[in-house]
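[1] no FASTA, just this:
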Ligand SMILES: C[S@@+](CC[C@H](N)C(=O)[O-])C[C@H]1O[C@@H](n2cnc3c(N)ncnc32)[C@H](O)[C@@H]1O
(Lines give C-alpha, C1' and ligand atoms only; values in the text may rest on other atoms or scores of the structure.)
Protein backbone atom coordinates (compact mmCIF):
# COMPACT_ATOMS: atom_id res chain seq x y z
CA UNK A 1 0.00 0.00 0.00
CA UNK A 2 2.30 2.78 -1.24
CA UNK A 3 -0.07 5.68 -1.08
CA UNK A 4 1.31 8.52 1.04
CA UNK A 5 3.09 10.25 -1.84
CA UNK A 6 -0.03 9.83 -4.01
CA UNK A 7 -1.91 12.03 -1.53
CA UNK A 8 0.10 15.27 -1.45
CA UNK A 9 -2.57 17.22 0.41
CA UNK A 10 -2.30 14.97 3.48
CA UNK A 11 1.49 14.67 3.18
CA UNK A 12 1.69 18.47 3.16
CA UNK A 13 -0.34 18.72 6.38
CA UNK A 14 1.72 15.96 8.04
CA UNK A 15 4.99 17.85 7.48
CA UNK A 16 3.64 21.39 7.95
CA UNK A 17 5.61 21.84 11.20
CA UNK A 18 8.38 23.58 9.23
CA UNK A 19 8.86 27.35 9.06
CA UNK A 20 9.57 27.66 5.33
CA UNK A 21 10.30 31.40 5.44
CA UNK A 22 12.96 30.87 8.12
CA UNK A 23 14.36 27.94 6.12
CA UNK A 24 14.72 30.06 2.98
CA UNK A 25 16.51 32.64 5.18
CA UNK A 26 18.99 29.87 6.05
CA UNK A 27 19.50 29.02 2.35
CA UNK A 28 20.35 32.68 1.75
CA UNK A 29 22.67 32.81 4.76
CA UNK A 30 24.56 29.74 3.52
CA UNK A 31 24.69 31.10 -0.04
CA UNK A 32 25.99 34.46 1.11
CA UNK A 33 28.70 32.87 3.20
CA UNK A 34 29.83 29.94 1.06
CA UNK A 35 28.62 30.10 -2.55
CA UNK A 36 31.28 31.17 -5.02
CA UNK A 37 28.64 32.20 -7.56
CA UNK A 38 25.52 34.38 -7.48
CA UNK A 39 22.33 32.34 -7.22
CA UNK A 40 19.25 32.76 -9.37
CA UNK A 41 18.32 29.16 -10.31
CA UNK A 42 17.64 26.53 -7.63
CA UNK A 43 16.98 22.79 -7.91
CA UNK A 44 15.10 20.72 -5.30
CA UNK A 45 15.64 16.94 -5.44
CA UNK A 46 12.71 14.82 -4.24
CA UNK A 47 10.70 18.04 -4.24
CA UNK A 48 7.37 16.40 -3.38
CA UNK A 49 4.75 19.13 -3.00
CA UNK A 50 7.52 21.78 -3.21
CA UNK A 51 6.88 23.42 0.17
CA UNK A 52 9.40 26.24 -0.43
CA UNK A 53 8.42 27.13 -4.00
CA UNK A 54 6.18 30.11 -3.17
CA UNK A 55 8.72 31.70 -0.84
CA UNK A 56 11.55 31.13 -3.33
CA UNK A 57 9.46 32.65 -6.13
CA UNK A 58 8.63 35.63 -3.92
CA UNK A 59 12.39 36.19 -3.56
CA UNK A 60 12.81 35.93 -7.36
CA UNK A 61 14.60 32.59 -7.56
CA UNK A 62 13.81 30.39 -10.53
CA UNK A 63 12.84 27.00 -9.12
CA UNK A 64 13.18 23.52 -10.62
CA UNK A 65 11.58 20.65 -8.69
CA UNK A 66 12.51 17.06 -9.50
CA UNK A 67 10.55 14.05 -8.26
CA UNK A 68 9.63 10.51 -9.28
CA UNK A 69 5.99 10.81 -8.30
CA UNK A 70 3.56 12.33 -10.85
CA UNK A 71 0.87 13.11 -8.22
CA UNK A 72 3.35 15.11 -6.12
CA UNK A 73 4.59 16.97 -9.20
CA UNK A 74 1.07 17.86 -10.33
CA UNK A 75 0.20 19.19 -6.87
CA UNK A 76 3.48 21.17 -6.76
CA UNK A 77 2.93 22.55 -10.27
CA UNK A 78 -0.55 23.83 -9.34
CA UNK A 79 0.88 25.52 -6.26
CA UNK A 80 3.73 27.09 -8.23
CA UNK A 81 1.46 28.30 -11.03
CA UNK A 82 -0.57 30.23 -8.49
CA UNK A 83 2.49 32.36 -7.65
CA UNK A 84 4.87 32.23 -10.59
CA UNK A 85 4.91 30.86 -14.11
CA UNK A 86 8.71 30.40 -14.17
CA UNK A 87 8.98 27.29 -11.97
CA UNK A 88 9.68 24.02 -13.75
CA UNK A 89 9.11 20.42 -12.74
CA UNK A 90 10.98 17.32 -13.88
CA UNK A 91 9.71 13.75 -13.57
CA UNK A 92 13.03 12.00 -12.94
CA UNK A 93 15.00 9.78 -10.58
CA UNK A 94 17.42 11.68 -8.34
CA UNK A 95 19.85 8.78 -8.51
CA UNK A 96 20.31 9.24 -12.27
CA UNK A 97 19.23 12.42 -14.02
CA UNK A 98 20.42 15.09 -16.44
CA UNK A 99 19.11 18.65 -16.70
CA UNK A 100 19.10 20.69 -19.90
CA UNK A 101 20.91 23.53 -18.07
CA UNK A 102 23.03 23.70 -14.94
CA UNK A 103 21.66 25.41 -11.79
CA UNK A 104 23.31 27.70 -9.21
CA UNK A 105 22.13 25.95 -6.02
CA UNK A 106 20.70 22.48 -5.25
CA UNK A 107 18.95 21.17 -2.15
CA UNK A 108 17.34 18.02 -0.75
CA UNK A 109 15.13 18.23 2.35
CA UNK A 110 13.78 16.05 5.15
CA UNK A 111 16.16 13.17 4.50
CA UNK A 112 14.83 12.72 0.97
CA UNK A 113 18.16 11.55 -0.46
CA UNK A 114 16.64 8.27 -1.60
CA UNK A 115 19.51 5.99 -2.61
CA UNK A 116 18.72 2.31 -2.13
CA UNK A 117 22.35 1.18 -2.24
CA UNK A 118 25.91 2.48 -2.58
CA UNK A 119 25.89 2.44 -6.39
CA UNK A 120 22.81 4.69 -6.38
CA UNK A 121 24.40 6.99 -3.81
CA UNK A 122 27.47 7.45 -6.01
CA UNK A 123 25.33 7.92 -9.10
CA UNK A 124 23.25 10.53 -7.21
CA UNK A 125 26.35 12.63 -6.54
CA UNK A 126 27.45 12.16 -10.18
CA UNK A 127 24.04 13.51 -11.29
CA UNK A 128 24.09 16.48 -8.88
CA UNK A 129 27.69 17.22 -9.89
CA UNK A 130 26.59 17.43 -13.54
CA UNK A 131 23.57 19.59 -12.69
CA UNK A 132 25.33 22.17 -10.50
CA UNK A 133 27.55 25.02 -11.73
CA UNK A 134 31.15 25.19 -10.50
CA UNK A 135 31.25 27.07 -7.20
CA UNK A 136 27.54 26.37 -6.46
CA UNK A 137 26.32 24.73 -3.24
CA UNK A 138 24.48 21.47 -2.54
CA UNK A 139 22.43 21.75 0.70
CA UNK A 140 21.31 18.50 2.40
CA UNK A 141 18.78 18.46 5.25
CA UNK A 142 18.83 15.39 7.54
CA UNK A 143 20.54 13.17 4.96
CA UNK A 144 23.50 12.11 7.13
CA UNK A 145 22.67 9.76 10.03
CA UNK A 146 24.51 11.24 13.03
CA UNK A 147 22.64 9.27 15.68
CA UNK A 148 21.71 5.98 14.02
CA UNK A 149 19.73 3.26 15.73
CA UNK A 150 18.74 -0.11 14.30
CA UNK A 151 15.10 0.59 14.96
CA UNK A 152 13.06 3.74 15.54
CA UNK A 153 9.44 4.88 15.81
CA UNK A 154 8.26 8.47 15.85
CA UNK A 155 4.73 9.84 15.84
CA UNK A 156 3.17 13.32 15.71
CA UNK A 157 -0.12 15.03 14.88
CA UNK A 158 -0.86 18.07 12.74
CA UNK A 159 -4.14 19.70 11.70
CA UNK A 160 -5.35 22.14 9.06
CA UNK A 161 -8.95 23.31 9.27
CA UNK A 162 -11.12 20.25 9.79
CA UNK A 163 -8.40 17.82 8.63
CA UNK A 164 -6.32 16.01 11.27
CA UNK A 165 -3.31 13.88 10.35
CA UNK A 166 -1.46 11.54 12.70
CA UNK A 167 1.90 10.51 11.19
CA UNK A 168 4.00 7.54 12.29
CA UNK A 169 7.48 7.07 10.88
CA UNK A 170 9.18 3.71 11.51
CA UNK A 171 12.58 2.40 10.43
CA UNK A 172 14.38 -0.88 10.99
CA UNK A 173 17.67 -2.22 9.76
CA UNK A 174 17.32 -5.02 7.20
CA UNK A 175 20.89 -5.28 5.90
CA UNK A 176 23.66 -4.23 8.32
CA UNK A 177 26.58 -4.68 5.91
CA UNK A 178 24.89 -2.62 3.20
CA UNK A 179 23.41 -0.14 5.76
CA UNK A 180 19.95 -0.63 4.28
CA UNK A 181 16.85 0.19 6.32
CA UNK A 182 13.21 -0.44 5.63
CA UNK A 183 11.28 2.74 6.34
CA UNK A 184 7.54 3.21 6.55
CA UNK A 185 5.37 6.28 6.83
CA UNK A 186 1.76 5.90 7.97
CA UNK A 187 -0.82 8.71 7.83
CA UNK A 188 -4.03 8.27 9.83
CA UNK A 189 -6.32 10.96 8.47
CA UNK A 190 -9.59 12.34 9.81
CA UNK A 191 -11.20 14.41 7.04
CA UNK A 192 -14.83 15.52 7.04
CA UNK A 193 -15.86 12.77 9.45
CA UNK A 194 -14.17 10.03 7.39
CA UNK A 195 -11.14 8.07 8.63
CA UNK A 196 -8.51 7.02 6.08
CA UNK A 197 -5.13 5.33 6.45
CA UNK A 198 -2.27 5.67 3.96
CA UNK A 199 1.08 3.90 4.14
CA UNK A 200 4.31 4.19 2.15
CA UNK A 201 7.12 1.65 2.58
CA UNK A 202 10.54 1.90 0.99
CA UNK A 203 14.15 0.91 1.52
CA UNK A 204 16.97 3.41 1.92
CA UNK A 205 20.72 3.19 2.42
CA UNK A 206 21.81 5.23 5.39
CA UNK A 207 24.88 7.43 5.18
CA UNK A 208 27.06 7.80 8.26
CA UNK A 209 29.13 10.93 8.93
CA UNK A 210 32.68 9.69 8.55
CA UNK A 211 31.96 7.62 5.41
CA UNK A 212 30.20 10.67 3.99
CA UNK A 213 33.37 12.73 4.49
CA UNK A 214 35.48 9.96 2.91
CA UNK A 215 33.04 9.68 -0.01
CA UNK A 216 33.23 13.42 -0.68
CA UNK A 217 37.01 13.54 -0.19
CA UNK A 218 37.39 10.77 -2.77
CA UNK A 219 35.45 12.78 -5.37
CA UNK A 220 36.94 15.49 -7.54
CA UNK A 221 33.65 17.34 -8.12
CA UNK A 222 32.56 18.27 -4.55
CA UNK A 223 34.19 19.69 -1.45
CA UNK A 224 32.80 19.57 2.08
CA UNK A 225 31.86 22.99 3.46
CA UNK A 226 30.32 22.18 6.86
CA UNK A 227 27.47 20.77 8.91
CA UNK A 228 25.29 22.35 11.57
CA UNK A 229 22.56 21.32 13.98
CA UNK A 230 18.87 22.17 13.58
CA UNK A 231 19.22 24.56 10.62
CA UNK A 232 21.25 26.90 12.84
CA UNK A 233 24.63 28.06 11.60
CA UNK A 234 25.66 29.08 15.10
CA UNK A 235 25.53 25.36 16.04
CA UNK A 236 28.36 23.47 14.28
CA UNK A 237 28.10 19.74 15.00
CA UNK A 238 31.38 19.36 16.85
CA UNK A 239 30.62 17.49 20.07
CA UNK A 240 26.87 18.21 19.83
CA UNK A 241 24.97 15.48 21.69
CA UNK A 242 21.33 16.01 20.77
CA UNK A 243 21.19 16.23 16.99
CA UNK A 244 17.96 17.12 15.19
CA UNK A 245 17.43 18.14 11.56
CA UNK A 246 21.17 18.55 10.84
CA UNK A 247 22.11 20.39 7.65
CA UNK A 248 25.17 19.62 5.53
CA UNK A 249 26.63 21.83 2.83
CA UNK A 250 28.85 20.78 -0.09
CA UNK A 251 30.31 22.96 -2.82
CA UNK A 252 30.82 22.02 -6.45
CA UNK A 253 34.56 22.43 -6.90
CA UNK A 254 35.51 25.52 -8.91
CA UNK A 255 36.86 24.86 -12.41
C1 LIG B 1 9.87 12.87 2.24
S2 LIG B 1 9.23 13.47 0.68
C3 LIG B 1 9.91 15.11 0.72
C4 LIG B 1 9.19 16.11 -0.11
C5 LIG B 1 9.69 17.55 0.02
N6 LIG B 1 11.05 17.69 -0.43
C7 LIG B 1 9.56 18.10 1.41
O8 LIG B 1 10.54 18.65 1.93
O9 LIG B 1 8.47 18.01 1.99
C10 LIG B 1 10.26 12.59 -0.40
C11 LIG B 1 9.97 12.82 -1.88
O12 LIG B 1 11.02 12.18 -2.62
C13 LIG B 1 10.45 11.56 -3.76
N14 LIG B 1 11.38 10.50 -4.22
C15 LIG B 1 11.61 9.30 -3.63
N16 LIG B 1 12.56 8.61 -4.31
C17 LIG B 1 12.93 9.42 -5.34
C18 LIG B 1 13.87 9.29 -6.39
N19 LIG B 1 14.62 8.21 -6.49
N20 LIG B 1 14.00 10.31 -7.26
C21 LIG B 1 13.22 11.42 -7.16
N22 LIG B 1 12.31 11.61 -6.18
C23 LIG B 1 12.17 10.63 -5.28
C24 LIG B 1 9.09 11.06 -3.32
O25 LIG B 1 8.23 10.89 -4.42
C26 LIG B 1 8.66 12.19 -2.38
O27 LIG B 1 7.91 13.18 -3.06
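    Yep, that arrived. Quick caveat, the model's predicted, so the values are computed rather than measured. Numbers count the residues shown, from 1 in each chain.

[2] A helix includes residue 21, no?
    Yes: under DSSP: H, G, I helix; E, B strand; the rest coil, residue 21 sits within a helix.

[3] which residues of this structure fall in helices?
    8-14, 20-34, 53-58, 70-83, 118-131, 209-217 (DSSP state H).

[4] looking at those, spot the one closest to the ligand.
    helix 70-83 (4.3 Å; CB to the nearest ligand atom). C-betas here are computed from N, CA, C, even on glycine.

[5] could I get the buried residue list for that closest one?
    For helix 70-83, burial by neighbour count (16 or more other CB atoms under 10 Å) applies to 71-73, 75-77, 79-80.

[6] okay, those in JSON lines with pLDDT and distance to residue 157 next?
    Shown next, in JSON lines, are those (pLDDT from 0 to 100; distance: CB to CB, whole Å):
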{"residue": "71", "pLDDT": "94", "distance to residue 157": "23"}
{"residue": "72", "pLDDT": "95", "distance to residue 157": "22"}
{"residue": "73", "pLDDT": "97", "distance to residue 157": "27"}
{"residue": "75", "pLDDT": "95", "distance to residue 157": "22"}
{"residue": "76", "pLDDT": "96", "distance to residue 157": "24"}
{"residue": "77", "pLDDT": "95", "distance to residue 157": "29"}
{"residue": "79", "pLDDT": "91", "distance to residue 157": "23"}
{"residue": "80", "pLDDT": "93", "distance to residue 157": "28"}
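
[7] so which bits of the stretch 101-250 of the chain are right by the ligand?
    109-110, 112, 114 (CB under 6 Å from any ligand atom).

[8] got a winner among these for most neighbours?
    Neighbour counts for these (other CB atoms under 10 Å) peak at residue 109, which has 24 neighbours.

[9] got the contact list for the residue lying closest to it once chain neighbours are set aside?
    Closest residue to residue 109 apart from its sequence neighbours, by CB to CB, 6 or more residues apart in numbering: residue 141 at 4.4 Å. Residues near residue 141 by CB atoms under 8 Å, 6 or more residues apart in numbering: 107-111, 231, 245-247.

[10] got CSV for the helices of the chain, with distance to residue 223 too?
    Below are these laid out as CSV (distance: least, CB to CB, whole Å):
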stretch, distance to residue 223
helix 8-14, 34
helix 20-34, 10
helix 53-58, 25
helix 70-83, 31
helix 118-131, 11
helix 209-217, 7
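
[11] quick one: which of the buried residues of helix 70-83 is nearest residue 36?
    Lowest distance from residue 36 to the buried residues of helix 70-83 (CB to CB) belongs to residue 80, with 28.1 Å.

[12] contacts only, for that closest one.
    Neighbouring residues of residue 80 by CB under 8 Å, 6+ apart: 50, 53-54, 57, 63, 65, 87, 89.

[13] quick one, strands of the stretch 51-200 of the chain?
    Under the criterion DSSP state E, counting those that start in this stretch, strands of the stretch 51-200 of the chain are mapped to 62-67, 88-91, 103-108, 132-141, 151-160, 163-175, 180-191, 194-205.

[14] still on that earlier bit, mind checking how far the residue nearest to residue 109 is from residue 75?
    Distance, residue 141 to residue 75, by CB to CB, to the nearest Å: 20 Å.

[15] check residue 67 too.
    Residue 67 is 10 Å from residue 75, by CB to CB.

[16] re earlier: now the strands of the stretch 51-200 of the chain in CSV, with mean pLDDT?
    Formatted as CSV, the strands of the stretch 51-200 of the chain follow (pLDDT from 0 to 100):
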stretch, mean pLDDT
strand 62-67, 98
strand 88-91, 97
strand 103-108, 98
strand 132-141, 98
strand 151-160, 95
strand 163-175, 96
strand 180-191, 95
strand 194-205, 94
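
[17] can you say which of those strands is nearest to residue 218?
    When the strands of the stretch 51-200 of the chain are ranked by proximity to residue 218 (CB to CB), strand 132-141 comes first, at 16.1 Å.
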